[in-house]
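S.K.: Build me a model from this:
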Amino acid sequence: MSPFKSLHLKEGERVEAVVRKHGITLLPGLFSAAFLIVTPFFFLFPILQLGLLGKIFLVACEIAGCWFAVRSFLIWNFDVLIVTGERLIRIEQQGIWKRRRQEIPLSLIRDIGCERSGLIEIFWPIGTLWVRTSVDAPRLAATRIPHPEDWQRYINALREKQQEKIV
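M.R.: Got it, this is the predicted structure:
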């Protein structure tokens, strides 16, 4: 499964870069999954002494842990910012069954910036990249991406390159 399945590129357009959230953003979901999978085994004998109810509880914890792990990975994998030579495509995975898609042509970008806030984003190279087409338009935001300043420079360079082609 790939986020590119529904991506329809125009004639001569190619994907320049794919930006996913930083890998550290997977940790809370994976820690929850590991907790649900491993913790019942520390209490295995008391749980199994409960008979059928204990076995059901053990299996439910294992299934829930696997569900959290798969869900965390799928949301991380499908939540991307795709940079092509002509546009930015933001696919925001908001859960297993909900996905939001935004597109902004590079020629319409008026403002691009990045910000870091919070303890984790200050100590790790993580931040938010935001793009706006006009003052009153909603901005496209890619949150918790690695090295947002580098991506800001990269997209600005693509914009300048595209403007040179036009002139």
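S.K.: Can you point out the buried residues in whichever strand or helix holds F31?
M.R.: Following DSSP states H and E, the helix or strand that holds F31 is helix 27-42. Residues G29, S32, A33, L36, I37, P40 are the ones in helix 27-42 that count as buried (16 or more other CB atoms under 10 Å). Heads up, the C-betas are built off the backbone N, CA and C, glycines and all.
S.K.: which residues sit against the next helix-or-strand element following that helix?
M.R.: Counting by DSSP H and E, the next helix or strand C-terminal to helix 27-42 is helix 44-48. The list of residues contacting helix 44-48 from outside it, by CB atoms under 8 Å, 6 or more residues apart in numbering, reads P40, G54, K55, F57, L58.
S.K.: What of stretch 62-71?
M.R.: G29, L30, S32, A33, A34, F35, L36, I37, P40, I96.
S.K.: I'd say the first one and S72 touch.
M.R.: Yes: checked against CB atoms under 8 Å, the pair G29 and S72 is within contact range at 2.8 Å.
S.K.: If I follow the layout properly, E103 ends up in contact with I89?
M.R.: Yes: here E103 reaches I89: they are 5.1 Å apart, a contact under CB under 8 Å.
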